[in-house]
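Participant: I'll drop the sequence and a predicted model, then ask my questions.
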Amino acid sequence: MTARRDGYAVIVTFAVEPAYREAFRHAILGNASASRTLEPGCSVFDVCESEDGSEVFLYEIYDSEAAFREHLATDHFRRFDALVAPWVVDKRVKTYHRLVKD
């Protein structure tokens with residue numbers, strides 16, 4: 001069995017100030033929707049929240065690392081990022097190359 005790379009996965013976790021959680025939810029869901037509909041290189045943009053609402057988890061799949069870089073340059077991402085920056089206590093980003101079996 002051989003494996004090949006097929007896509008680029010991005011995992012992001014946010015911890016958000018409690019007073020801004022509802023506004024953050026609205027902003028991240030809008031960003032996710034814009035990413036899925038306006039970016040041909042984005043095939044998955046899932047938004048999840050911890051049971052207690054203290055953490056938001058994103059799972060994104062792009063066609064390539066270049067498609068992810070294009071996402072970072074979009075107007076909707078830049079607006080989202082600037083808006084939520086003061087609300088975020090902690091943000092962690094990890095990237096992965098998806099492996100598939102040939």
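Facilitator: Now that the structure is in, tell me what you want to look at.
Participant: contacts and neighbour counts: CA atoms only from here.
Facilitator: Noted.
Participant: Give the buried residues for stretch 16-24.
Facilitator: 16, 21, 24 (16 or more other C-alpha atoms under 10 Å).
Participant: Strands of the chain, residue ranges please.
Facilitator: All strands of the chain, identified by DSSP state E, fall at 3-16, 42-49, 55-62, 88-101.
Participant: Same list (these) but as a markdown table, adding distance to residue 70 and mean pLDDT.
Facilitator: Shown next, in a markdown table, are those (distance: least, C-alpha to C-alpha, whole Å; pLDDT from 0 to 100):
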| stretch | distance to residue 70 | mean pLDDT |
| --- | --- | --- |
| strand 3-16 | 13 | 91 |
| strand 42-49 | 10 | 97 |
| strand 55-62 | 10 | 97 |
| strand 88-101 | 15 | 92 |
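Participant: OK, contacts around residue 21?
Facilitator: residue 53 (C-alpha atoms under 8 Å, 6 or more residues apart in numbering).
Participant: And the one 10 residues further on, by the same measure?
Facilitator: By C-alpha under 8 Å, 6+ apart, the contact set of residue 31 is 76-77, 80.
Participant: Number of residues surrounding the residue nearest to residue 9 when sequence neighbours are not counted?
Facilitator: Of all residues not flanking residue 9 in the chain, residue 61 sits nearest, at 4.6 Å (C-alpha to C-alpha, 6 or more residues apart in numbering). Counted with other C-alpha atoms under 10 Å, the neighbours of residue 61 add up to 25.
Participant: Understood, closing this out.
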